[in-house]
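[1] heads up, no residue letters with this:
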């Protein structure tokens, strides 16, 4: 092995090491693999962070210092500022929950951002940044497949079976979105392509409805139609409308089948679509909690840190199921401003996508962002942070532009 080949191999180890780390952390597969607990996942993150730090120092000593992409600064600053806001608070009634939240932010998001920056500024990998994003898409799709297979035999809100309806709905919604975008951006729509994606649309859409999680429905609609804004060709917009109609038809067929099999959780989604926001206690509780959070924000513009849990626990919840309300109440105006800046930078960079597979970058970011306003906390929506970082640099590398333009419609 030549001296020139070693850095490239080392860089590849870092890049795919990050992918492996995300697989280990994002999967909720502890029931199948008991060794995949939080301790193991955190240890992998720490090792990756150490590897990136050492390689960065070695590169600096060799005369080619590693640069930091300023586009990543807002999202990195947001994560660190949010952690500081949570740590420096006198309220510790929920130390275990917030300890897990802080560790997930520090030990997953920070190593991910730094490793992504390493990939971005490494000559051997400068043209592979988009390949890295494709690898991360496979992680999300793999997680979606895992959740779908896990819940396919018995789709309900039965926690004893081990199904997480939030994760299941989010994964099914993303798989549906992925299939729709792939169909709409395929240059040559051959019959075998349609034959491959239509069953996937039907299955994933049906499971998304059956999960009873309403956030993915809204996120899917917003993200898919936003792709028509990003890709301005008439042909693509016609595809968006045609595939949206197809998805609606398949969704109706899937829900009809589920109703015939008496899947109770599907009724929650149907009632939601009919405008009945108080179909269950969950919707009513969240509505009341949102009002309390909105009333508390003007009184605590600098954030409450962990003390914000007093508002949530009054409704027997640990978080408000809305990313912006959660960040604002716990972190304050400054932390929220960093999040908004990170979102603006990510969209400003990724809007250069004009067609082909690369449109999945901003569309995926939109899906996870919208879904985070309806379900989960920042820990369960940690892919939002990774997508912010990926979108911020996905079209920045000069070596990528020629390759990406070849995929355009």
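    That came through, no problem. Note that the coordinates shown come from a computational prediction; the quantities given were computed from them, not determined experimentally.
[2] Could you look up the SS state of residue 302?
    Look at residue 302: counting by DSSP: H, G, I helix; E, B strand; the rest coil, its state is coil.
[3] Please name the nearest non-neighbouring residue to it.
    residue 332 (4.3 Å; C-beta to C-beta, 6 or more residues apart in numbering). Bear in mind the C-beta positions are built from the backbone N, C-alpha and C, glycine included.
[4] try residue 294
    residue 325 is the one closest to residue 294 (C-beta to C-beta, 6+ apart), at 7.5 Å.
[5] so which helix or strand takes in the one you found?
    helix 323-331 (DSSP states H and E).
[6] Packing partners of that helix?
    helix 73-87, helix 281-296, helix 333-350 (3 or more C-beta pairs under 8 Å, 6 or more residues apart in numbering; DSSP states H and E).
[7] In the first one, which residues are buried?
    What that stands for is helix 73-87. By neighbour count with 16 or more other C-beta atoms under 10 Å, helix 73-87 contains the buried residues 73-83, 85-86.
[8] Does anything pack onto that helix? Which helices or strands?
    Secondary-structure packing of helix 73-87 (3+ C-beta pairs under 8 Å, 6+ apart): helix 95-104, helix 110-120, helix 323-331, helix 333-350, helix 383-393.
[9] now do 6 Å
    helix 95-104, helix 333-350 (3 or more C-beta pairs under 6 Å, 6 or more residues apart in numbering; DSSP states H and E).
[10] Also the last one?
    For helix 333-350, the elements it packs on are helix 73-87, helix 323-331, helix 383-393, judged by 3+ C-beta pairs under 6 Å, 6+ apart.
[11] what is the mean pLDDT for the shortest one?
    It refers to helix 323-331. For helix 323-331, mean pLDDT rounds to 91.
[12] Check the longest one too.
    The pLDDT scores in helix 73-87 average 91.
[13] Between helix 95-104 and that helix, find me the angle.
    Following axes from the mean of the first three to the mean of the last three C-alpha atoms, to 10 degrees, one obtains 160 degrees for the angle between helix 73-87 and helix 95-104.
[14] ok, and what's touching helix 73-87?
    98, 102, 105-106, 109, 113, 303, 305-306, 331, 335, 338-339, 341-342, 345, 388-389 (C-beta atoms under 6 Å, 6 or more residues apart in numbering).
[15] now swap in the second one and tell me
    Taking C-beta under 6 Å, 6+ apart as the criterion, the residues outside helix 323-331 that touch it are 82, 85, 293, 297, 303-305, 308, 319-320, 335-336, 339, 372, 377.
[16] Then the last one?
    By C-beta under 6 Å, 6+ apart, the surrounding residues in contact with helix 383-393 are 69, 71-72, 75, 109, 112-113, 116, 120, 133, 342, 345-346, 349-350, 361, 364-365, 368-369, 372.
[17] Fine, thanks again, bye for now.
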